[in-house]
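Trainee: all I have is the shape, not the residue letters:
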Ligand SMILES: O=P(O)(O)OC[C@H]1O[C@](O)(CO)[C@@H](O)[C@@H]1O
């Protein structure tokens, strides 16, 4: 047993889980008409109803003491203070400094980083204004209205998904096209419809070493030159965002065209840095700043709200409860808002690249589960696809439902239907439908006894399935900023309890290294193969098909 699993609160939670597994939320709601009110908290434009969870006051108290025993508050304060908490990369974790509106300094190695952060924000603001006003011109004097944003992972998901989500706030004069995959189809499709004279390429790569982004930018450069641009014109049409300034200049980026970021910003936490430039170009700097300020409000809430009122803490502890005491292996995100359809994919990287770890801080292998599989899609689409399993399957899938109460210019009928489905799904998951209720239903339909008997069993819904509902007045930039920061801090709290380093990602390296070795053999088709028989066979198949 490790320190965590032998801790008092862990033992208590293990016992409580056995008790709770014999109970049903239906009965708890019937017994306490104020249950919803009791388990609803709000902050930063987000209201969290977590009453449809397998929790009691005793369970919540034990979860909070688990957080205390794991020193979550101390670790949180250490992060905000710039402690080197990413110990395997010897880095501070300060994405919060990028949205620090407190006026207070943030020290890294004794240096206040805020002046640099603010200088970069000013550079972004000026740049966005110059493009939106048509002052930034291309080689032939045309304004730059088509933006190709090249990046992958955290240098793509944040910009793309936040921009999609804030569609009602789009600036009309520019269109941003995102390219991530090294599959040439992606960049070919994007470039095919563009005029190089009015196209700006934004290359985003924290490390400036990522194969896909380098290759896609080389392809964009070749397209630009083939279309008639010259080497001298490159500086008008290509800019970069990176923490690796040397590599960016070596690649041919003009120094002025490089927007810096810093190693204390993790890729999957970087949309608040210049990696967010495509967002600012899409919605304007003012709205982009509102996104940052929304996240700042959540940072303040996370640092100051008591545990029982603290949204990130509550979401995190509920997740630990199901993962470590109910064996849940995944968590589904269900935004009931078409523009938020990419949100599950955003949180997939945030959560799974952060807590998909098996080694605790003391370099021991954990004897408990850690990060869940994050998945999901927009509601109501999921209802006609995978909700069957969530309702009647054999695996427990805790769910987060999200809904804006108001959507500008939205048809009232459509919106009422959307909301009714969202609320109806959480109700069905909670209350289920008993065998007796199914039989009564079927009897009312006049079915014969034998059919009724068998069909009723298949129609029985166990219920007692946990869900959170997050309501927003509307999904404006500030609320979205707060929501993303909420999930960032949820991930932080869970990582702090599991004792894993949520800020490195060593597991992504081996596949890249081996991929490069394979690439060498695909390119040098005569080279001898010495991999395993399967990899050799696959390479030979590819060689033959491309001979
Ligand atoms: O911004 P970069 O350095 O190109 O990295 C892109 C992404 O690749 C990863 O390193 C994973 O391979 C992510 O952590 C990161 O967001």
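Mentor: Received, thanks. Predicted, not measured: the structure shown is a model, and the values here were computed from it. Numbers count the residues shown, from 1 in each chain.
Trainee: and the gap between the spatially closest residue to residue 140 that is not a sequence neighbour and residue 236?
Mentor: Computed as Cβ to Cβ, 6 or more residues apart in numbering, the closest residue to residue 140 that is not its neighbour in sequence is residue 197, at 4.6 Å. Every residue, glycine included, has its C-beta placed from N, CA and C. Using Cβ to Cβ, to the nearest Å, we find residue 197 at a distance of 10 Å from residue 236.
Trainee: hang on, the earlier thing: test my guess that the residue nearest to residue 140 contacts residue 142.
Mentor: Yes: counting by Cβ atoms under 8 Å, residue 197 touches residue 142, with 4.9 Å between them.
Trainee: before we move on, back to that, report the set of residues contacting both of residue 197 and residue 236.
Mentor: 138, 139 (Cβ atoms under 8 Å, 6 or more residues apart in numbering).
Trainee: for residue 466, grab the count of nearby residues.
Mentor: Other residues lying near residue 466 total 24 when counted by other Cβ atoms under 10 Å.
Trainee: quick one on the thing from earlier: looking at residue 197 and residue 142, which one has more neighbours?
Mentor: Comparing residue 197 with residue 142 by neighbour count (other Cβ under 10 Å), the higher total belongs to residue 197, at 21 against 14.
Trainee: so who does the more buried one touch?
Mentor: 138, 139, 140, 142.
Trainee: find me the pLDDT at the second one, would you?
Mentor: Just to be clear, that refers to residue 139. Taken from the predicted model, the pLDDT recorded for residue 139 is 98.
Trainee: could you report the neighbour count for it?
Mentor: Counted by other Cβ under 10 Å, the residues lying close to residue 139 total 18.
Trainee: just give me how far the helix or strand that contains residue 241 sits from the chain centre.
Mentor: Secondary-structure element containing residue 241, defined by DSSP states H and E: strand 238-242. Mean-position distance between strand 238-242 and its chain equals 23 Å (Cα atoms, centre = their mean, to the nearest Å).
Trainee: so what strands line up beside that strand?
Mentor: Sheet partners assigned to strand 238-242 using DSSP bridges are listed as strand 199-204 (parallel), strand 258-260 (parallel).
Trainee: which of the ones you listed has the highest mean neighbour count?
Mentor: Between the strands paired with strand 238-242, the one whose residues have the most neighbours on average, counting mean count of other Cβ atoms under 10 Å, is strand 199-204 (a mean of 26).
Trainee: pLDDT on it, on average?
Mentor: For strand 199-204, mean pLDDT rounds to 98.
Trainee: ok, stretch 111-127 next?
Mentor: Looking at stretch 111-127 alone, the average pLDDT works out to 98.
Trainee: need the contact list for residue 150.
Mentor: Contact partners of residue 150, counting by Cβ under 8 Å, 6+ apart, are 179, 180, 187, 201, 202, 203, 204, 213, 216, 217, 220.
Trainee: can you tell me how far the most centrally placed residue in the chain is from residue 7?
Mentor: The structure's the chain has its C-alpha centroid closest to residue 347; by Cα atoms, centre = their mean the separation is 2.0 Å. Counting by Cβ to Cβ, the separation of residue 347 from residue 7 is 28 Å.
Trainee: and if you look at residue 176?
Mentor: Here the criterion is Cβ to Cβ. By it, residue 176 lies 48 Å from residue 7.
Trainee: which among the contacts of residue 150 are in contact with the ligand?
Mentor: Judged by Cβ under 6 Å from any ligand atom, the overlap between the contacts of residue 150 and the neighbourhood of the ligand comprises residue 213.
Trainee: quick one: pLDDT of the closest residue to the ligand within the stretch 1-150 of the chain?
Mentor: Sorted by distance to the ligand under Cβ to the nearest ligand atom, the residues of the stretch 1-150 of the chain start with residue 150, at 9.7 Å. Residue 150 is assigned a predicted lDDT (pLDDT) of 98.
Trainee: ok, now residue 361?
Mentor: Per-residue confidence for residue 361 comes out at a pLDDT of 88.
Trainee: check which helices and strands the helix or strand hosting residue 514 sits against.
Mentor: Assigning secondary structure by DSSP H and E places residue 514 in helix 509-523. Using 3 or more Cβ pairs under 8 Å, 6 or more residues apart in numbering; DSSP states H and E as the contact criterion, the secondary-structure elements in contact with helix 509-523 are helix 211-226, helix 533-545.
Trainee: can you list the residues that contact it?
Mentor: Helix 509-523 is contacted from outside by 211, 527, 529, 531, 535, 539, 542, 543, 546, using Cβ under 8 Å, 6+ apart.
Trainee: most neighbours, which of those residues?
Mentor: residue 539 (17 neighbours).
Trainee: that one contacts residue 529, doesn't it?
Mentor: Yes: between residue 539 and residue 529 there is a contact at 5.9 Å, judged by Cβ under 8 Å.
Trainee: which residues does the residue in the stretch 251-400 of the chain that the ligand sits nearest to contact?
Mentor: Closest to the ligand within the stretch 251-400 of the chain is residue 267: 2.6 Å, counting by Cβ to the nearest ligand atom. By Cβ under 8 Å, 6+ apart, residue 267 lies in contact with 153, 154, 155, 206, 275, 505.
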